[in-house]
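Engineer: Attaching a predicted model along with its sequence, questions to come.
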Amino acid sequence: MHPVWRKTFNVTWISLALLTACGAPDETVPRKPNILIIYADDLGYGDVGAYGAAAGLTPNIDRLANEGLLFTDGHSSAATCTPSRYSLLTGSHAFRRDAAVLPGDAPLLIPTTTRTVAGLLQSAGYTTGIVGKWHLGLGDGDVNWNVAIAPGPIEVGFDYSFIIPATGDRVPSVYVENHHVVGLDESDPIQVSYDARIGTDPTGTSNPEQLTQTADSQHSDTIVDGISRIGFMTGGTNARWKDREFPDVLTAKARQFIEENKDDPFFLLFSFHDIHVPRVPNERFVGTTNMGPRGDTISQMDWVTGRLIQILEEHDLDEHTLVIFTSDNGPVLDDGYGDEAVERLGNHEPAGSFRGGKYSAYEAGTRVPTIVHWPTHVEPGTSDALVSQLDLFASIAALTDTPLGPEDAPDSLEMLDTWLGRSSEGRPFLIEESYTLALRVGEWKYIRPASEVGYEWIREDKDLESGLVESDQLFELTQDPSERHNVEAQEQATVQKLEAQLDRMVASPATRDGFHE
């Protein structure tokens, strides 16, 4: 927080507190702002109208951008979902936990002793909730889905959770509310295996005629709602979700949480499944674009975003709510299902002018739509400041005057003024995590060689432009934002300097106190 603004902010609070002590009515005490993070999945920089997509594709998100602050250089911490989600909640780089994309039966990734941004806000008097995709593991590694499931979101700072346990393409294909599977019939217990087929449920391999979308071999296990998934599941028939109901079910749960907590400060992480595979839009959105299911789920996601803002407005909460809209990583087209995402793309450019996408070390892996909306507090405009979701933890702590402990958010920089548009100063450095690591400092971006990374399926997929090569890469982003010209041969001194800096930061337990050459 800028010192002058912080002083004004604190004087205002102190003055109002004194008025209250002298008998002024309680309503003179300013209420801490609600915080709503709307977290899209696999949404690319160019998938939003405000960032260059076709007019009319995302009118509700565009409205947020027009009324709020749009960041042109906003980043998730990683190019895949589990690491980004971990970093968003903990303010810590996911490589510190060796975090990767988790299977559906993985144990809870976040230690219950780690303070999350939700836990921080609990201590500040907020009611905290998460609705939507989780994908950070549950339980201790041997989950019994038929009894109370813990630890999970409740044990790491959330008062309420209604979650998709992992992803839509992984079993178990059920909702978990707080600690229990929703709608479970005790006489039809759930079993899950990621090792071998269990039960007699049809699979994509054994019964392809039952599929509504074709799938690759990885996604050809148990069929649920006409879609084959990763992993095997049996039981829980009445509890299994229907993909087309995601927008209505999740929006209803968000409404319930907001309405039940509208009289006191709340924090809600609304974590979309859209536009992750399998892309199965509700019937209302089928055909709303010319891009098939991927385009139609973008339209669906935009509608849900509009509904969330409408719910705030219905209860006169919009001016009291800081809304942050962003994505967990960059875009991907063919990600395992035959939904014509490539064939029907047309002129649409999911990554905008940037190179790469989901999984990639290039910019489009982590450079994602990032919009801040807070009427009367955030002036409409555009910011070119370099910002990272890592910094939301420390910045929210500053916003709510909640001190950080020495072990909290080790990689989160306090950049509240930048997030609120009061400063144009961005991060002095940024680590971008994919299946290798990259470092941005000033105009330079260095990508570490990936010779030891065993992800040939990514390396060999030219459409992904993974950035996984066996030698150093260096790009001067001011002149080459699309990372087409590797200048490492001409700039060996810069390569060596950035390589050493990256090594020091990775070896350090924290970067919160800044970056020192």
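Structural biologist: Noted; the coordinates are in hand.

Engineer: For the rest of this, base every contact and every neighbour count on C-alpha atoms.
Structural biologist: OK.

Engineer: chain center to the host helix or strand of Thr494, what's the gap?
Structural biologist: Using DSSP states H and E, Thr494 sits within helix 492-507. Relative to its chain's centre, helix 492-507 lies at 28 Å (CA atoms, centre = their mean, to the nearest Å).

Engineer: who does that helix touch, helix- and strand-wise?
Structural biologist: strand 437-441, strand 444-447 (3 or more CA pairs under 8 Å, 6 or more residues apart in numbering; DSSP states H and E).

Engineer: repeat that with 10 Å
Structural biologist: strand 429-433, strand 437-441, strand 444-447, strand 473-476 (3 or more CA pairs under 10 Å, 6 or more residues apart in numbering; DSSP states H and E).

Engineer: Let me know which of the ones you listed is tucked in deepest.
Structural biologist: Mean neighbours per residue, mean count of other CA atoms under 10 Å, is largest over the helices and strands packed on helix 492-507 for strand 444-447, with a mean of 24.

Engineer: Give me the sheet partners of it and which way each runs.
Structural biologist: strand 437-441 (antiparallel), strand 473-476 (antiparallel) (DSSP bridges).

Engineer: Alpha carbons of the shortest one, as PDB, please.
Structural biologist: Meaning strand 473-476. Output of strand 473-476 as PDB, limited to C-alpha atoms (Å, rounded to 0.1, in the frame of the first residue of the first chain):
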ATOM      1  CA  GLN A 473      16.300 -19.500 -24.100                       C
ATOM      2  CA  LEU A 474      16.400 -15.800 -23.700                       C
ATOM      3  CA  PHE A 475      13.900 -13.300 -25.000                       C
ATOM      4  CA  GLU A 476      13.800  -9.500 -25.000                       C
END
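
Engineer: And the contacts of it?
Structural biologist: 362, 438-440, 442-449, 467, 481-492, 494-495, 498 (CA atoms under 10 Å, 6 or more residues apart in numbering).

Engineer: quick one on the thing from earlier: buried residues of the helix holding Thr494, list them for me.
Structural biologist: 494-495, 498-499, 501-502, 505-506 (16 or more other CA atoms under 10 Å).

Engineer: Serialize these to a markdown table and add fields for pLDDT.
Structural biologist: Compiled in a markdown table, these are given as follows (pLDDT from 0 to 100):
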| residue | pLDDT |
| --- | --- |
| Thr494 | 98 |
| Val495 | 98 |
| Leu498 | 98 |
| Glu499 | 97 |
| Gln501 | 96 |
| Leu502 | 97 |
| Met505 | 96 |
| Val506 | 95 |
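
Engineer: pull the longest helix from the protein.
Structural biologist: helix 292-314 (DSSP state H).

Engineer: got the CA coordinates for the host helix or strand of Ile258 in CSV?
Structural biologist: Ile258 is part of helix 246-260 when elements are defined by DSSP H and E. Extracted in CSV, the C-alpha atoms of helix 246-260 (Å, rounded to 0.1, in the frame of the first residue of the first chain):
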residue,chain,number,x,y,z
PHE,A,246,-22.6,-27.2,-13.7
PRO,A,247,-23.5,-23.6,-14.4
ASP,A,248,-26.8,-23.7,-12.6
VAL,A,249,-25.7,-25.9,-9.7
LEU,A,250,-22.6,-23.8,-8.9
THR,A,251,-24.3,-20.5,-9.4
ALA,A,252,-27.1,-21.5,-7.1
LYS,A,253,-24.6,-22.4,-4.4
ALA,A,254,-22.7,-19.1,-4.8
ARG,A,255,-26.0,-17.3,-4.5
GLN,A,256,-26.8,-19.2,-1.3
PHE,A,257,-23.5,-18.3,0.2
ILE,A,258,-23.7,-14.7,-0.7
GLU,A,259,-27.3,-14.3,0.6
GLU,A,260,-26.5,-16.1,3.8
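
Engineer: Are there helices or strands packed against it, and which ones?
Structural biologist: Counting contacts by 3+ CA pairs under 10 Å, 6+ apart, helix 246-260 is packed against strand 127-133, strand 160-164, strand 266-271, helix 292-314.

Engineer: Show me what the shortest one pairs with in its sheet, parallel or antiparallel.
Structural biologist: Read that as strand 160-164. strand 127-133 (parallel), strand 176-177 (antiparallel).

Engineer: Give me whichever of those strands is most buried.
Structural biologist: For these, the highest mean count by mean count of other CA under 10 Å goes to strand 127-133, at a mean of 25.

Engineer: Shouldn't Glu483 be within a strand?
Structural biologist: No - counting by DSSP: H, G, I helix; E, B strand; the rest coil, Glu483 is not part of a strand but coil.

Engineer: Quick one, grab the pLDDT at the closest residue to it other than its chain neighbours.
Structural biologist: What sits nearest to Glu483 in space, not counting adjacent residues and going by CA to CA, 6 or more residues apart in numbering, is Phe475, at 5.9 Å. Looking at Phe475, its pLDDT reads 98.

Engineer: how near is Phe475 to Pro293?
Structural biologist: Distance, Phe475 to Pro293, using CA to CA, to the nearest Å: 35 Å.

Engineer: re earlier: quick check: angle from the helix holding Thr494 to strand 437-441?
Structural biologist: Here helix 492-507 points in a direction 110 degrees away from that of strand 437-441 (axes from the mean of the first three to the mean of the last three CA atoms, to 10 degrees).

Engineer: Okay, angle between helix 492-507 and strand 429-433 too, please.
Structural biologist: Going by the same axes, to 10 degrees, helix 492-507 makes 70 degrees with strand 429-433.

Engineer: So what touches helix 492-507?
Structural biologist: Contacts for helix 492-507 (CA under 10 Å, 6+ apart): 93, 95-96, 411, 430-431, 437-441, 444-448, 472-475, 487-489, 508, 511, 515-517.

Engineer: Now do the same contact list for the most centrally placed residue in the chain.
Structural biologist: The geometric centre of the chain, computed from its C-alpha atoms, lies nearest to Asp328 (CA atoms, centre = their mean), at 3.1 Å. For Asp328, the contacting residues are 39-44, 75-85, 88, 271-272, 358, 365-369, 389, by CA under 10 Å, 6+ apart.

Engineer: Could you list which of these belong to helices?
Structural biologist: 81-85, 88.

Engineer: For these, could you give me JSON lines that also reports neighbour count, pLDDT and distance to Gly68?
Structural biologist: Formatted as JSON lines, these follow (neighbours: other CA atoms under 10 Å; pLDDT from 0 to 100; distance: CA to CA, whole Å):
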{"residue": "Cys81", "neighbour count": "27", "pLDDT": "95", "distance to Gly68": "26"}
{"residue": "Thr82", "neighbour count": "23", "pLDDT": "97", "distance to Gly68": "28"}
{"residue": "Pro83", "neighbour count": "29", "pLDDT": "98", "distance to Gly68": "27"}
{"residue": "Ser84", "neighbour count": "29", "pLDDT": "98", "distance to Gly68": "24"}
{"residue": "Arg85", "neighbour count": "26", "pLDDT": "98", "distance to Gly68": "24"}
{"residue": "Leu88", "neighbour count": "25", "pLDDT": "98", "distance to Gly68": "21"}
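
Engineer: So for Asp513, what's the pLDDT?
Structural biologist: 78.
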